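Chemist: can't give you the sequence, but here's the structure:
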């Protein structure tokens, strides 16, 4: 999966699962906490990204993915 | 020549339900402050503002007996007719020796001609328990039985673990199974993922929960089972009047319901004043919902094991 596709998926899953969040490229390096994504939202976002990309993200791996950019990097490397 | 009369098995099912909530209460918003957790998160995402908690005088047996007394206020129950008592818990009194159903048997003064046994299951326990007691009673030609649920997690909560302290409440329920049922079983599925059991376990007598693993399990496996049970019963979502899912947490429930494609108005979320009461969560809901006379009810319990069970019960016309 290329970066462009991954960015699109990650952004759309964040917006889908977090009320009021509007994503843009300049927010990719912000932490999920700073974007208002709480610990439960994160679980949903990671699950949806995993299903949309076909990439399995384990619990331990998910713990490290604390910015949208890190999620994108993770799924593009698989 | 002797004439033999062939007697078919009695149609057994759910006749009535009653419950017990201990008087002790924990203000979950005050707990949230103590754990430095956002109050809005606790109310909106966990969905619990008050937690019933066992007090010093409460026990699995006393709570079960109280639930039975409540049952007797709404149904005419003759203790002498009870032939089977099944109690579902994983936190029994006296470490489960003797089995707590025997202690309840003694407290209720039931007949010696009464089978009693406990079953050890968590949040799938009610759906399993219904099937177990009905099967056992049918196999042994019994007509009246009691299924209790009571799993006081307060006994094993780690006071420093906010993920579990903010979630679990104590309660008990009793379901009267009889040959004059209001609801009978139509279809059920049972499943286990033992390899994932570390997600919910007791370690050094304290509960440990991997919230992410439980969440993934609930959202990915439960909707599939619900769909399979519906297919097996040749029913569609619109044919079911009520979906009673284990009340794990508001966020988990909302998303499980969404993923299963269940119309939200048919799937009550009512854990604000009870929290997650393990195997009692479905009967607590069902007790209230029976007043509305739903025609077909789907129940799905999921948790410790990892174990999940889904069943459809239909109203006897």
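Modeler: Alright, I've got the coordinates. Since the structure is predicted, the reported quantities are computational estimates derived from the model, not experimental observations.

Chemist: what sits against the residue in the stretch 1-150 of chain B that chain A sits nearest to?
Modeler: As assessed by Cβ to the nearest Cβ, chain A sits closest to residue B:45 within the stretch 1-150 of chain B, at 5.2 Å. Every C-beta, even on glycine, is put in place using the N, C-alpha and C of the backbone. By Cβ atoms under 8 Å, 6 or more residues apart in numbering or on different chains, residue B:45 lies in contact with A:38, A:40, B:249-251.

Chemist: which one of these is nearest residue B:50?
Modeler: Top of the list for closeness to residue B:50, among those and by Cβ to Cβ, is residue B:250 at 13.8 Å.

Chemist: contacts only, for that closest one.
Modeler: Neighbouring residues of residue B:250 by Cβ under 8 Å, 6+ apart: B:44-48, B:269, B:271.

Chemist: and residue A:46, by the same measure?
Modeler: A:57, A:62, A:65, A:71.

Chemist: nearest residue to residue A:25 in space, please, no chain neighbours.
Modeler: residue A:7 (7.5 Å; Cβ to Cβ, 6 or more residues apart in numbering or on different chains).

Chemist: can you show me the helices along chain B?
Modeler: B:28-34, B:39-40, B:60-74, B:100-108, B:125-139, B:162-165, B:211-232, B:250-260, B:281-289 (DSSP state H).

Chemist: point out the other helices and strands that the lowest-mean-pLDDT helix or strand in chain A packs with.
Modeler: Of all helical and strand segments in chain A, the minimum by mean pLDDT, DSSP states H and E falls on helix A:59-64, at a mean of 87. Contacts defined by 3 or more Cβ pairs under 8 Å, 6 or more residues apart in numbering or on different chains; DSSP states H and E place helix A:59-64 against helix A:39-53, helix B:211-232.

Chemist: go ahead and flag the most central residue of chain B.
Modeler: residue B:279 (3.0 Å; Cα atoms, centre = their mean).

Chemist: burial count for residue B:57?
Modeler: Using other Cβ atoms under 10 Å in any protein chain shown, residue B:57 has 9 neighbouring residues.

Chemist: and it, what's its pLDDT?
Modeler: Looking at residue B:57, its pLDDT is 92.

Chemist: ditto for residue B:211
Modeler: 88.

Chemist: swap in residue A:19?
Modeler: The predicted structure scores residue A:19 at 85 on the pLDDT scale.
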